[in-house]
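Chemist: Quick one: sequence plus predicted model below, questions after.
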There are 2 protein chains.
Amino acid sequence: MSRVSAMSGYPEFLPAQRMVEQQVLAVLRETFELHGFAPIETRAVEPMSQLARKGEIDKEIYVVRRLHATDDESAEPADQPGPGGSPDLLGLHYDLTVPFARYVQEFGGRLSFPFRRYQVQKVWRGERPQEGRYREFTQADIDVVGSGALADHHDLEIPLVALEAFERLHRELDLPPVRMRVNNRKLSEGFYRGLGVEDTAAVLQRVDKLDKIGPAKVRELLVAETPLGPEQADACLALSTIRGQDAGFVEQVRALGVEHPLLEEGLSLLSALVTAAAERVPGRLQADLSIARGLDYYTGTVYETELVGFESRGSVGSGGRYDSLASDGRTTYPGVGFSFGVTRLLAPMFARGELTATRTVPSAVLVAVDDEGTRGTAEQVAAALRAGGTSCEVAPKADRFGKQIRYAERRGIPFVWFGGLSGEVKDIRSGEQVAAEAGSWQPPEDDRRPRVVRG
Amino acid sequence: MSRVSAMSGYPEFLPAQRMVEQQVLAVLRETFELHGFAPIETRAVEPMSQLARKGEIDKEIYVVRRLHATDDESAEPADQPGPGGSPDLLGLHYDLTVPFARYVQEFGGRLSFPFRRYQVQKVWRGERPQEGRYREFTQADIDVVGSGALADHHDLEIPLVALEAFERLHRELDLPPVRMRVNNRKLSEGFYRGLGVEDTAAVLQRVDKLDKIGPAKVRELLVAETPLGPEQADACLALSTIRGQDAGFVEQVRALGVEHPLLEEGLSLLSALVTAAAERVPGRLQADLSIARGLDYYTGTVYETELVGFESRGSVGSGGRYDSLASDGRTTYPGVGFSFGVTRLLAPMFARGELTATRTVPSAVLVAVDDEGTRGTAEQVAAALRAGGTSCEVAPKADRFGKQIRYAERRGIPFVWFGGLSGEVKDIRSGEQVAAEAGSWQPPEDDRRPRVVRG
């Protein structure tokens, strides 16, 4: 076999790291299910006509075709013709929102609305790899989608569920705490309209570059490339500096002297959200009027989340409200959702050794075999331990005492069992060895499963 | 948005079906972990040079490239040159064994051997879709891999773990029971060698077609396309009809009068396996000398599994021993493994309504809202229920009694909560309504989670 080497942009984890990721995903799933979100998965491929609708992202799509496709089958034909009637190409999905919109349209007749779903899957983007940017990564999404309409209170529900999940990751798995920053597109758009701008997307796109190029450059772009004059550009920049953990930010916006009904609507929605969140999760959510979000389907509230103390790593979870993600002509499906960047959260911490597990295998016990003739007995012991819910493995090779201990040590297995069903169990960390019955012995609660630990 | 329609070969499940699949996967994972298998995931793409080594399967590979790849970047360059030094194409993996072999080579220095791993992921094959054959499907694999050598007892361990998992799926989730059929490549190969055949693979490939084309056609092919004469071809066919749940099959093979050391080795391995399995899982495993397995990396024991009563749907789990799946020149990695065909097991049962869940959402309780002014109270009730581990959701819209009941009914939610923390809870199936405290009330054990039910 040829030599292999790591491919950049495709992070792969060691077993201990994957066990950490599994525990993170279990906390997310459990939180989503406690809140009544139902699970779905969608296929990895979508017709290019679906994927490419969102404009800027299309250069990052991976196209998929059969190796031995014939010439007139230049790619896998989907079951629907693309533009011009030609068979549509297939691409790998780059997020879970576009496939979800398609799923809602396809299965809408068999779903009950509002439909609450979660979805945990890999996505693919052909970006230049760098820390925090991957070509393959895992996202965990929750969305509530209505048929025709969706109440505003879901704009508060979604970030509260997200923050509850992050809080559990912090408390139970020792991940860093988070801070969520929230804005409302109606507020920004209303503000720009109040300044007399029609093409508000053009302004939003330039303001979105604040983090990358700084306020001076953004101001330059606004004046050169949009109808805004220097004073109006300053007002836009002033708006984007406003922050607040309570409704006080509203007065700061009003002080800028811009008026528009859409601005008022956005202010009212955002201040209600911030006020309610301050009561429920104090200190975890703030209004931040610089938040724009790149994707163009958001139409109201937008969320971004960063790890406290690791802000430079960027957002580890984001989302927002969309008034019409999907529509089939008769029905429009508005929704609000949030996406956890699972790989983006974990891969940098793994790469820097900031997070790992107490062992590299699920086994809490190694059942020793001192002679191949007693392997059957060792397997009976293992079966008895498993019946009590204890993960264990039988030594693969009969060997002397010291070698068995080293086998366990190398994997971080805390206990070694010697003898039969009435045997002895040794805690190899303390050296303590006690008589035990395989049918009833249990490891201490803390040793049942590998625990997540900060490096 | 354009109209969408199902794409054949890419099964997608409704939420209730996905909840069934999740419970199936949870049973598999739990069984694997009880036996000390550690989890890994590998990236979805591999260099084509890795994927295409296995000969016959290469026509089924999906090639992946960036939509806007430049001409001299005809596909995503991997970090290693392909044959002739050109950048290697990438393809989607078609199983989890080839990527696992690559993973073992790549991370070998940081793994402890024997390495026991499980891996649950999607795989892709560009086959013509039909029932039981999909273009995207989920596999769940376990393997034990040694560095340099691997003891024979793992050939028994792997099918016992697989059968334990299937047995739990049968008992806990009401899936059909299974029967495993086992053969040994050394037995068949030794038999063919004993008949004087050098190219044993050519014979094996033709015997592998028995199920598809029947014994008469296979006999014809053997005589026409291999060095076997008619009598020898008959001996091969006779061998393939031998079955047995104990060591008795050995005498049937000997009665065919063929002798070879490799045949003896295979007979001894297979009879030991069948005898041990008869003791541990009576009636679940039998020797079946017609089993060949298509992929060419198996070198010893081979396994196939079918659902009792649904044999025509084909194998739902298979595997075997490979003496050298991976090798880096210095070290050879022998292994033995098993792959559960999760989609192949579930998708036909879902399509025919043979398997579903008791509800379409995780929620056990709907917390009613009779007036938008009391939504805050309803959310307190929900938080208290969740703190006790009960999945619930708050009615999305204040509405009268009957509408709230119908909202729950449509989703199969068994309980509706009325009032505050000291409120009343109604079982909407029986109509019984009782006073309850949200801080302590629990649904009956059977209603905590959606249950899997046969249709």
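Modeler: Looks like it came in fine. In this text the structure is predicted, and so the values were computed from the model without any measurement.
Chemist: Ramachandran angles for the most centrally placed residue in chain A?
Modeler: Averaging the C-alpha coordinates of chain A gives a centre point, and the residue nearest to it by CA atoms, centre = their mean is A:Phe340 (2.0 Å). The main-chain torsion angles of A:Phe340 are listed as degrees, to the nearest 10 and equal phi -90, psi 130.
Chemist: Spit out the contact partners of it.
Modeler: If a contact means CB atoms under 8 Å, 6 or more residues apart in numbering or on different chains, then A:Phe340 has A:Leu28, A:Gln139, A:Ala140, A:Asp141, A:Ala162, A:Ala165, A:Val316, A:Gly317 as its contacts. Yep, even glycine has a C-beta here, placed from its N, CA and C like the rest.
Chemist: between the residues you listed, which is nearest A:Gln433?
Modeler: For the contacts of A:Phe340, the residue nearest A:Gln433 by CB to CB is A:Leu28; the value is 39.8 Å.
Chemist: burial measure for the closest residue to that closest one other than its chain neighbours, as a count.
Modeler: Nearest non-adjacent residue to A:Leu28, counting by CB to CB, 6 or more residues apart in numbering or on different chains: A:Ala140, 5.0 Å away. Burial measure for A:Ala140: 23 neighbouring residues, criterion other CB atoms under 10 Å in any protein chain shown.
Chemist: distance of A:Ala140 from B:Val258?
Modeler: Distance, A:Ala140 to B:Val258, by CB to CB, to the nearest Å: 58 Å.
Chemist: do A:His170 as well
Modeler: Taking CB to CB as the criterion, A:His170 is separated from B:Val258 by 67 Å.
Chemist: returning to what we had before: close enough to count as contact, the residue nearest to A:Leu28 and A:Val27?
Modeler: No. Using CB atoms under 8 Å, A:Ala140 is not in contact with A:Val27; the gap is 10.1 Å.
Chemist: Which secondary structure state is assigned to A:Ser339?
Modeler: When classified by DSSP: H, G, I helix; E, B strand; the rest coil, A:Ser339 comes out as strand.
Chemist: Could you report the pLDDT at it?
Modeler: Per-residue pLDDT puts A:Ser339 at 97.
Chemist: so who does it touch?
Modeler: Counting by CB under 8 Å, 6+ apart, A:Ser339 makes contact with A:Asp95, A:Leu96, A:Thr97, A:Gln139, A:Ala140, A:Asp141, A:Gly317, A:Ser318, A:Gly319.
Chemist: Just list the residues touching the closest residue to it other than its chain neighbours, thanks.
Modeler: Counting by CB to CB, 6+ apart, A:Asp141 is the residue found nearest to A:Ser339 once chain neighbours are left out, at 4.6 Å. When the contact criterion is CB under 8 Å, 6+ apart, the partners of A:Asp141 are A:Leu96, A:Thr97, A:Phe100, A:Tyr118, A:Gln119, A:Val120, A:Gly319, A:Gly337, A:Phe338, A:Ser339, A:Phe340.
Chemist: Tell me the one among these nearest to A:Arg359.
Modeler: Proximity of the contacts of A:Asp141 to A:Arg359 (CB to CB) peaks at A:Val120, which lies at 24.5 Å.
Chemist: Doesn't that closest one belong to a strand?
Modeler: Yes. Using three-state DSSP, the secondary structure at A:Val120 is a strand.
Chemist: Give the helix, strand or coil label for the closest residue to it other than its chain neighbours.
Modeler: Residue nearest to A:Val120 in three dimensions, not counting chain neighbours: A:Ala140, with 4.4 Å by CB to CB, 6+ apart. Per three-state DSSP, the local secondary structure of A:Ala140 is strand.
Chemist: and if you look at A:Glu306?
Modeler: strand.
Chemist: residues contacting it?
Modeler: Residues A:Val178, A:Arg179, A:Arg181, A:Arg313, A:Gly314, A:Ser315, A:Val316 are the ones in contact with A:Glu306 under the rule CB under 8 Å, 6+ apart.
Chemist: The same query, at a cut-off of 10 Å, please.
Modeler: A:Pro176, A:Val178, A:Arg179, A:Met180, A:Arg181, A:Ser312, A:Arg313, A:Gly314, A:Ser315, A:Val316, A:Gly317, A:Ser318 (CB atoms under 10 Å, 6 or more residues apart in numbering or on different chains).
Chemist: Secondary structure element for the third one, which one?
Modeler: What it means is A:Arg179. Mapping A:Arg179 onto the secondary structure by DSSP states H and E places it in strand A:178-184.
Chemist: who does that strand pair up with?
Modeler: Using DSSP bridges, strand A:178-184 pairs in its sheet with strand A:285-288 (parallel), strand A:301-307 (antiparallel).
Chemist: And these: which comes nearest A:Phe107?
Modeler: Shortest separation from A:Phe107 across the strands paired with strand A:178-184 is recorded for strand A:301-307, at 26.2 Å, computed as CB to CB.
Chemist: What average pLDDT does the closest one get?
Modeler: 96.
Chemist: cool, stretch A:110-123 as well?
Modeler: Along stretch A:110-123, the predicted local confidence has a mean pLDDT of 97.
Chemist: Give the buried residues for it.
Modeler: The neighbour-count check on stretch A:110-123 (16 or more other CB atoms under 10 Å in any protein chain shown) flags A:111-123 as buried.
Chemist: nearest to A:Pro414, of these?
Modeler: The closest of these to A:Pro414 turns out to be A:Val120 (CB to CB; 30.2 Å).
Chemist: Just confirm that closest one contacts A:Phe32, I think it does.
Modeler: Yes. Under the criterion of CB atoms under 10 Å, A:Val120 lies in contact with A:Phe32, with a separation of 8.9 Å.
Chemist: A:Tyr322 belongs to a strand?
Modeler: Yes. Assessed with three-state DSSP, A:Tyr322 lies in a strand.
Chemist: any idea how far chain B is from the residue nearest to A:Leu285 when sequence neighbours are not counted?
Modeler: For A:Leu285, ignoring the flanking residues on the chain, the nearest one in space by CB to CB, 6+ apart is A:Ala277 at 4.1 Å. If you measure A:Ala277 against chain B using CB to the nearest CB, to the nearest Å, the figure is 13 Å.
Chemist: try A:Asp370
Modeler: Using CB to the nearest CB, A:Asp370 is found at 15 Å from chain B.
Chemist: where does the closest residue to that residue other than its chain neighbours land in three-state SS?
Modeler: By the measure of CB to CB, 6+ apart, the closest residue to A:Asp370 outside its immediate chain neighbours is A:Ala398, 6.1 Å from it. The three-state label given to A:Ala398 by three-state DSSP is coil.
Chemist: hang on, isn't A:Ala398 packed against A:Glu372?
Modeler: Yes. Between A:Ala398 and A:Glu372 there is a contact under CB under 10 Å: 4.7 Å.
Chemist: Please enumerate the shared neighbours of the two.
Modeler: The contact sets of A:Ala398 and A:Glu372 overlap at A:Ala378, B:Ala151 (CB under 10 Å, 6+ apart).
Chemist: between these two, which one's more packed in?
Modeler: Legend: neighbour count by other CB under 10 Å for A:Ala398 and A:Glu372, higher for A:Ala398 (17 against 12).
Chemist: any idea how far chain B is from the residue with the largest distance to the centre of chain A?
Modeler: Residue farthest from the centre of chain A, counting by CA atoms, centre = their mean, is A:Gly373 at 50.1 Å. The gap separating A:Gly373 from chain B is 12 Å, by CB to the nearest CB.
Chemist: just A:Gly300 next, same as before
Modeler: From A:Gly300 over to chain B (counting by CB to the nearest CB), the distance is 17 Å.
Chemist: For that residue, which non-adjacent residue is spatially closest?
Modeler: Residue nearest to A:Gly300 in three dimensions, not counting chain neighbours: A:Arg321, with 3.5 Å by CB to CB, 6+ apart.
Chemist: What's opposite that neighbour in the beta bridge?
Modeler: Applying DSSP bridges, one finds that A:Arg321 bridges with A:Val336.
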